[in-house]
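S.K.: sequence first, predicted coordinates after that:
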Amino acid sequence: MGGFLFGYDSSVINGAVEAIRSRYGIGSAELAQVIAIALIGCAIGAATAGRIADRIGRIRCMQIAATLFTISAVGSALPFALWDLAFWRIVGGFAIGMASVIGPAYIAEVAPPAYRGRLGSFQQAAIVVGIAVSQLVNWGLLNAAGGNQRGRLLGLEAWQVMLGVMVVPAALYGLLSFAIPESPRFLLSVGRRERARRILAEIEGDHIDLDARVAEIENAMKREHRSSFKDLLGGSFLFKRIVWIGIGLSAFQQFVGINVAFYYSATLWQSVGVNPTESFLYSFTTSIINIVGTVIAMIFVDRIGRRPLALIGSSGMVAGLALEAWAFSYPLAGGKLPATQGWVALIAAHVFVLFFALSWGVVVWVLLGEMFPNKLRAAALGVAASAQWIANWAITASFPSLADWNLAGTYVIYAAFAALSIPFVLKFVNETKGKALEEMG
């Protein structure tokens, strides 16, 4: 549910972009800041979630996030002014940032090594389902409002209802957090040894040697101390090498422009002549492709490994983004792309999302949950996730202005980053498939 809300809250704004522009009479630059400002909250939430989770537990951290998601949904649906809407988006962003850290960390800590990649990929699976459901709900509400984002529904404008519906999964997330066990590693860190034993027996099976498993975790914990920002420092470039690799993975995941497809796709298709209802439908079909790609990644992440999937995905993304750039380079005829270029753009957009989803969408979250040594994990994951949100903000805030400047050129930039990710993976990223967390280092 944390991953679902992460995806839902991140992309539901896609259905409200043009309505917000119209209601508040703002230009592309201001609009971009309102859309992107949530990502500042995401970065802060991601940076602090690890410390919060180490102090009060993984489950309590989830419950705080659920509360913030709920508050944000209500506030975003009932804004008094543009600044008010921006504030509630920051609150929601803080919750997304917390969810982006606590989900992978919790899964990595409770999953047996042989299944950790597959189970870690459930975070991304939940994210893409959340994205798809948000687009389906937006499309349904738009149709109910007669194809007008500012049409009246339940006494509000349609876009307000789109943002407010998130209160339902947010409340469910909070309730379900009471039904799962605390991380055994956290329990051992606070001296609750018997409770940790019972949970290990639940999640890894009675056939394991519980005494040996507990001793293994405790011995690993004795060799470390609670991670802090200071632990990440080292070398001549501020951070340790492994931390920079995590930051690099996070940055490349965003610099290929994936979130343009989920924050601005309706606006993008309308800008090249697609009517609003069809543009919402294309946003939904892209989200379905996102789910298909994620399922493929879940099947193969523990079979062929993290690095091969990343390299396959980078190659496919380069092709998809290059084709989009080619299609968007043609001038509009009668407010629309020529038929051939229009179809190429639509297919290439789906190809790009497919290859992202079957690779970087899953692989990065799996790697970030498991690649760091135990003594660095919580703090390093927080920094890497914060870098991801800052990179996401940079892409989201710049896209409207870049698109006004040169839409084809914007996609050339994204394709260049996809191409650069290939040598980055080959040179810096080590395979983590099948290794225990205590082996990382």
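M.R.: Noted; the coordinates are in hand. Remember, it's a predicted structure, so these values are computed and weren't measured experimentally. Residues are numbered from 1 along each chain as shown.
S.K.: just the strands in this protein please.
M.R.: Along the chain, counting by DSSP state E, strands occupy 152-153, 156-157.
S.K.: low-confidence ranges in the stretch 101-250 of the chain?
M.R.: Within the stretch 101-250 of the chain, the segments meeting pLDDT under 70 span 223-229, 235-237.
S.K.: now do the helices in the stretch 51-200 of the chain.
M.R.: Secondary structure of the stretch 51-200 of the chain (DSSP state H, counting those that start in this stretch): helices at 58-77, 82-110, 116-144, 158-164, 167-176, 184-189, 193-204.
S.K.: any chance of the ones you listed in a markdown table, plus distance to residue 249 and mean neighbour count?
M.R.: All C-beta spots, glycine's among them, are computed from the backbone N, C-alpha and C. Below are the helices of the stretch 51-200 of the chain laid out as a markdown table (distance: least, Cβ to Cβ, whole Å; neighbours: other Cβ atoms under 10 Å):
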| stretch | distance to residue 249 | mean neighbour count |
| --- | --- | --- |
| helix 58-77 | 23 | 22 |
| helix 82-110 | 12 | 24 |
| helix 116-144 | 14 | 23 |
| helix 158-164 | 31 | 25 |
| helix 167-176 | 26 | 17 |
| helix 184-189 | 23 | 21 |
| helix 193-204 | 27 | 16 |
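S.K.: of all those, which lies closest to residue 31?
M.R.: The closest of the helices of the stretch 51-200 of the chain to residue 31 is helix 82-110. By Cβ to Cβ, the value is 9.8 Å.
S.K.: what is the orientation angle of the closest one with helix 167-176?
M.R.: Helix 82-110 runs at 30 degrees relative to helix 167-176, counting by axes from the mean of the first three to the mean of the last three Cα atoms, to 10 degrees.
S.K.: so how far is helix 82-110 from its chain's centroid?
M.R.: 10 Å (Cα atoms, centre = their mean, to the nearest Å).
S.K.: give me the angle between it and helix 116-144.
M.R.: Using the same axes, to 10 degrees: helix 82-110 against helix 116-144 is 150 degrees.
S.K.: how far off helix 193-204 does helix 82-110 point, in degrees?
M.R.: Going by the same axes, to 10 degrees, helix 82-110 is angled at 90 degrees with respect to helix 193-204.
S.K.: and residue 422, how far is that from residue 297?
M.R.: 18 Å (Cβ to Cβ, to the nearest Å).
S.K.: the two: which has the busier surroundings?
M.R.: Using other Cβ atoms under 10 Å, the more surrounded residue of residue 422 and residue 297 is residue 297, with 28 against 17.
S.K.: if we ignore the residues flanking it in sequence, what's nearest the more buried one?
M.R.: Once flanking residues are discounted, residue 297 sits nearest to residue 362: 3.8 Å by Cβ to Cβ, 6 or more residues apart in numbering.
S.K.: hang on, isn't that neighbour packed against residue 294?
M.R.: Yes: assessed by Cβ atoms under 8 Å, residue 362 is found in contact with residue 294 at 6.1 Å.
S.K.: residues that sit against both of these two, list them.
M.R.: 121, 124, 125 (Cβ atoms under 8 Å, 6 or more residues apart in numbering).
S.K.: what is the nearest of those to residue 334?
M.R.: Using Cβ to Cβ, those come closest to residue 334 at residue 124, 40.0 Å.
S.K.: separation between the closest one and residue 293?
M.R.: 10 Å.
S.K.: between these two, what contacts are shared?
M.R.: 357, 361.
S.K.: list the contacts of the closest residue to residue 62 other than its chain neighbours.
M.R.: Here the nearest residue to residue 62 in space, its sequence neighbours aside, is residue 177; by Cβ to Cβ, 6+ apart that works out to 4.4 Å. Listed by Cβ under 8 Å, 6+ apart, the contact partners of residue 177 are 1, 59, 62, 63, 66.
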